[in-house]
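Student: Starting from these lines, generate the structure:
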Amino acid sequence: MITTGSAARRATRGGRARPAANPLVIVSDRSRLLMVIVLVSCALTIALTRLFLALTGYPQIGNSTFHIAHALWGGLFLLAAGIVALVVQNRGAALAVALLTGIGFGLFVDEVGKFITQRNDYFFPLAAPIIYGCLVVILLVTELAGRHQLRSPRAHLLAAIDLSQTVADGTVTHTEMRAMSEHIRRARADGLDPASAALLDGIETALTRADQIDDTKTFSARTRHRLRELTERWLPADRARRGARLALLVFCLFGTVELVLLLVSAFQGGGMAEIFQITVGDRPLGRFGRGVEIATWALGFTVAVLSGMAIWAMRPKHLRREQALRYGYTALLVLLLLGNLLSSYVSQFTILAQAAVQVAALGLLARWDRATRPVEALSPSTGRPLPLPSTEQPRRQ
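Tutor: Numbering: from 1, shown residues only. I've put the predicted structure just below:
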């Protein structure tokens, strides 16, 4: 085991600090924000494209010889994203790159049915699960990036250097200055080589001389403040709990009723054969589709059980906060990550509307979680968070 003392002795030699180990990959301090933009813009592009084509009767751009598929426009958006990333140096360029990437990939992957079939079948049933699976992968990358950003002093060093660009642009705000100061403090926690330390000294000197913009009076800051006020006023903790409980009740009832109807139909005249008289577009449900449908029903019942356990733990007079959050988050994430992936084979792109409702329910649960989360207190001696008191109510003996 390597102790802190031995690490500190190794980090210094001859009175000079050695640089902290530089990881192979350092995740950007804005990775989660940028990936969320990619995810949302990609999902909206797919949904709006499918809706537009359905409302307009699936028009085609071209003539008897040419057909300009919207995958080509997606490629142009992806090319524009790459050019902006390579050419534009401003810090705000990353936001444009994330937006262009999401739109471009959404237009491209929307035509995946044409790429995996011999007949260039845009309506191939497996296209919807593949597209939804791509969205799930982007979501997982978003979460993974968020968990690994700013994990080392070197990452804080690069974050401070990146933010210092706003000083050169003359657009630095109070919030960005506080963020730079915090990055500098954490970057120095593990010892820096003289060159890196000099870089941070220069940034600190620049901060004392920079003209600051009061970002509390900007339109975006006022909008965020107004939204925060409206959320606290119209969605207090108890109302968020009741809303999340109601949403989970709907999912619980839906899964239970679906299972009951399945069992009743199985013991009637037609049996299981009549249950599987389902078509996807103009195609009957094949063996693969029947397997997917059975797995979907089983997963729906699992979600119903988890939702019921969360509802039971949310009872006002017998509240079990940790259990309610554990079961509620699990039920909703199982729906979003697996349930919708399977359901999309039959439901196709109506699953995006269902996913929006599930995300809203997840937002209610997260709102209740944040509003009732105990505030961490720091130990005066170590500076580390003190153990939080349990929020569980004592069980009756």
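Student: In contact with the residue nearest the centre of the chain, which residues?
Tutor: Within the chain, the residue whose C-alpha comes closest to the C-alpha centroid is Leu139; the distance, by Cα atoms, centre = their mean, is 4.7 Å. Taking Cβ atoms under 8 Å, 6 or more residues apart in numbering as the contact definition, Leu139 lies against 39, 336-337. Quick note: C-beta positions are derived from backbone N, CA and C, even for glycine.
Student: do the same with Arg370
Tutor: Taking Cβ under 8 Å, 6+ apart, one finds nothing in contact with Arg370.
Student: got it, and Leu34?
Tutor: Contact analysis of Leu34 by Cβ under 8 Å, 6+ apart lists 28, 94-95, 97-98.
Student: that older thread, for the residue nearest to the centre of the chain, grab phi and psi.
Tutor: phi -60, psi -40 (degrees, to the nearest 10).
Student: Tell me if I'm right that Ala128 and Ile351 touch.
Tutor: Yes. Here Ala128 reaches Ile351: they are 6.9 Å apart, a contact under Cβ atoms under 8 Å.
Student: So which of these two has more stuff around it?
Tutor: Neighbour totals were compared for Ala128 and Ile351, and Ala128 leads with 27 against 22 (other Cβ atoms under 10 Å).
Student: Centre of the chain to the host helix or strand of the more buried one, how far?
Tutor: Secondary structure here is read from DSSP states H and E; on that basis Ala128 sits in helix 127-148. In this view, helix 127-148 has its centroid 8 Å away from the chain centroid, taken as Cα atoms, centre = their mean, to the nearest Å.
Student: Put the alpha carbons of that helix into CSV.
Tutor: Only the C-alpha atoms of helix 127-148 are listed here, as CSV (Å, rounded to 0.1, in the frame of the first residue of the first chain):
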residue,chain,number,x,y,z
ALA,A,127,-34.4,0.0,-37.5
ALA,A,128,-36.3,1.5,-34.5
PRO,A,129,-34.5,-0.7,-31.9
ILE,A,130,-31.1,0.1,-33.5
ILE,A,131,-31.8,3.8,-33.4
TYR,A,132,-33.1,3.7,-29.8
GLY,A,133,-30.0,1.6,-28.9
CYS,A,134,-27.8,4.3,-30.3
LEU,A,135,-29.5,6.9,-28.1
VAL,A,136,-29.0,4.6,-25.1
VAL,A,137,-25.3,4.3,-26.0
ILE,A,138,-25.0,8.1,-26.1
LEU,A,139,-26.8,8.3,-22.8
LEU,A,140,-24.3,5.8,-21.2
VAL,A,141,-21.3,7.7,-22.7
THR,A,142,-22.8,10.9,-21.2
GLU,A,143,-23.0,9.3,-17.7
LEU,A,144,-19.6,7.7,-18.0
ALA,A,145,-18.1,11.1,-19.1
GLY,A,146,-19.7,12.9,-16.2
ARG,A,147,-18.4,10.3,-13.7
HIS,A,148,-14.8,10.7,-15.0
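Student: tilt between the next helix-or-strand element following that helix and helix 127-148?
Tutor: Going down the chain from helix 127-148, the next helix or strand is helix 153-163, by DSSP H and E. Following axes from the mean of the first three to the mean of the last three Cα atoms, to 10 degrees, one obtains 100 degrees for the angle between helix 153-163 and helix 127-148.
Student: Please identify the buried residues of whatever helix or strand comes next after helix 153-163?
Tutor: The first helix or strand that comes after helix 153-163 along the chain, using DSSP H and E, is helix 165-169. By neighbour count on 16 or more other Cβ atoms under 10 Å, the buried set for helix 165-169 is 166-167.
Student: list the helices and strands the helix or strand that helix 165-169 is followed by packs on?
Tutor: For helix 165-169, the succeeding helix or strand toward the C-terminus, using DSSP H and E, is helix 174-187. Using 3 or more Cβ pairs under 8 Å, 6 or more residues apart in numbering; DSSP states H and E, the elements in contact with helix 174-187 are helix 153-163, helix 194-209.
Student: Point out the most buried one among the ones you listed.
Tutor: Mean neighbour count (mean count of other Cβ atoms under 10 Å) peaks for helix 153-163 among the helices and strands packed on helix 174-187, with a mean of 21.
Student: Could you find the closest non-adjacent residue to Arg50?
Tutor: Nearest in space to Arg50, with sequence neighbours left out and distances taken as Cβ to Cβ, 6 or more residues apart in numbering, is Phe349 at 5.1 Å.
Student: again, but for Ala93
Tutor: Beyond its immediate neighbours in the sequence, the residue positioned closest to Ala93 (Cβ to Cβ, 6+ apart) is Val84, lying 5.5 Å away.
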